[in-house]
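Q: pasting the sequence and the predicted coordinates here, then a few questions.
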Amino acid sequence: MTYEHAIEVWTSTYRHVLERHRQQGTWRFVHFDGFLDGTAIPTVEDALGARIDRAFADPGLKRSDVGGDVPEGTERVYRELCSLAGTDPAEIEERSRVVS
């Protein structure tokens with residue numbers, strides 16, 4: 001799979017969730033980084049009505065580099081997801097630079 005195809009699949013999948021499914025049921029959006037720093041865990045625990053193992057998120061699963069060129073539509077979808085998760089994309093990018 002090429003980078004371009006992966007971006008297309010990611011964008012299409014999340015655009016579909018936002019346009020077709022989000023209006024039905026209860027959705028909680030969280031950023032993967034929120035699992036790594038623990039900020040997303042209370043939201044997920046609240047949604048599940050159960051405690052989760054706080055060590056389950058594996059930082060090694062975060063394989064994407066921050067930055068790089070992505071299509072405008074992809075950027076728009078990402079920013080909407082971040083907004084729904086209460087996450088600032090600039091803050092995520094800054095934290096990733098510090099870790100790298």
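A: The structure has been received and is ready for your questions.

Q: what about the helices in this structure?
A: Ranges of helices within the chain are 3-16, 32-37, 41-48, 72-85, 89-99, based on DSSP state H.

Q: so can I have a markdown table of the ones you listed showing mean neighbour count?
A: (Each C-beta comes from the backbone N, C-alpha and C, glycine too.) Putting these into a markdown table (neighbours: other CB atoms under 10 Å) gives the following:
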| stretch | mean neighbour count |
| --- | --- |
| helix 3-16 | 13 |
| helix 32-37 | 17 |
| helix 41-48 | 13 |
| helix 72-85 | 15 |
| helix 89-99 | 12 |
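
Q: adding mean pLDDT and distance to G25, write the ones you listed out as JSON lines.
A: Compiled in JSON lines, those are given as follows (pLDDT from 0 to 100; distance: least, CB to CB, whole Å):
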{"stretch": "helix 3-16", "mean pLDDT": "94", "distance to G25": "15"}
{"stretch": "helix 32-37", "mean pLDDT": "86", "distance to G25": "21"}
{"stretch": "helix 41-48", "mean pLDDT": "93", "distance to G25": "11"}
{"stretch": "helix 72-85", "mean pLDDT": "94", "distance to G25": "14"}
{"stretch": "helix 89-99", "mean pLDDT": "65", "distance to G25": "25"}
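
Q: nearest to F56, of these?
A: For F56, the closest of the helices of the chain is helix 32-37, at 7.7 Å, according to CB to CB.

Q: show me what the closest one is packed up against.
A: helix 41-48, helix 89-99 (3 or more CB pairs under 8 Å, 6 or more residues apart in numbering; DSSP states H and E).

Q: return the residues in contact with A40.
A: Shown in contact with A40 (CB atoms under 8 Å, 6 or more residues apart in numbering): V30, H31, G34, A85.

Q: for V17, see how far away it is.
A: Plainly put, A40 is 17 Å away from V17 if you go by CB to CB, to the nearest Å.
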